[in-house]
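[1] Kindly return the folded structure for what I paste below:
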Amino acid sequence: MTFEEIEKLVIQKQDMPKHSSLEELFCFNMLYQLYRDFYGKRLSREEAKAKKREIQGAFDQAVYNHALYCAAYAQYQESIRQAGHLRAEILKGLESGAQADKLLLLAMECIGRMTGEMRTYEIVRDKLAPDAKMQE
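    Below you'll find the model as predicted:
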C-alpha cells in the first residue's frame with residue numbers, strides 16, 4: 001500500500017487489510033494518532049503537517065529498507081541453490097575421476113556461494129587457469 005492509501009483508510013476510519021506489512025501497520029498507527037491529536041486540538045495545523053511529513057519519510061525509508069532486505073534474501077537463496085548444484089557437480093566429478101584442480105575450483109566456488117565471498121574463488125581460478133580470465 002502507498003502512504004496515500006493508508007492515510008485514506010485512517011481518514012475514513014477503516015481498518016487495515018489483513019496481512020498488511022509491519023511498515024504499513026506502523027504508518028497506519030502513527031497517522032491514526034496524528035489525526036487524533038490534530039482533531040483533539042493537541043496539535044496545530046503546522047505541527048500536524050510537519051509530523052505527517054516525518055511519518056511519510058519514515059514510512060518511505062522503511063519500505064525502501066524492506067525492499068533491500070528482500071533483494072538480499074533472494075540473492076542468499078539463489079546462492080544456496082547454486083551451492084547445492086555445485087556440491088552435486090563435485091560428487092559427479094569424484095565418481096567420474098575428474099582432475100583435482102577442476103574439483104578444487106568447484107569446491108572453491110561452492111564455498112564462495114555459501115559464504116557470499118567470491119574473491120577467493122576468483123584468485124584460485126586465475127592461478128589455476130590464467131588465460132581463462134582473458135576469455136571471460
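[2] Let's test this: name the helix or strand in the protein with the lowest mean pLDDT.
    helix 130-135 (a mean of 54; mean pLDDT, DSSP states H and E).
[3] Following the longest helix along the chain in sequence, what is the next regular element?
    When the chain is parsed with DSSP state H, its longest helix is helix 45-96. Counting by DSSP states H and E, the next helix or strand C-terminal to helix 45-96 is helix 100-115.
[4] Mind listing residues that contact that next one?
    Helix 100-115 is contacted from outside by 79-80, 82-83, 86-87, 89-90, 93-94, 118-121, 124-125, 128, using Cβ atoms under 8 Å, 6 or more residues apart in numbering. C-beta: built from backbone N, CA, C; applies to glycine.
[5] give me the number of residues near residue 118?
    By other Cβ atoms under 10 Å, 15 other residues sit near residue 118.
[6] For residue 106, see how far away it is.
    Distance of residue 118 to residue 106, given as Cβ to Cβ, to the nearest Å: 13 Å.
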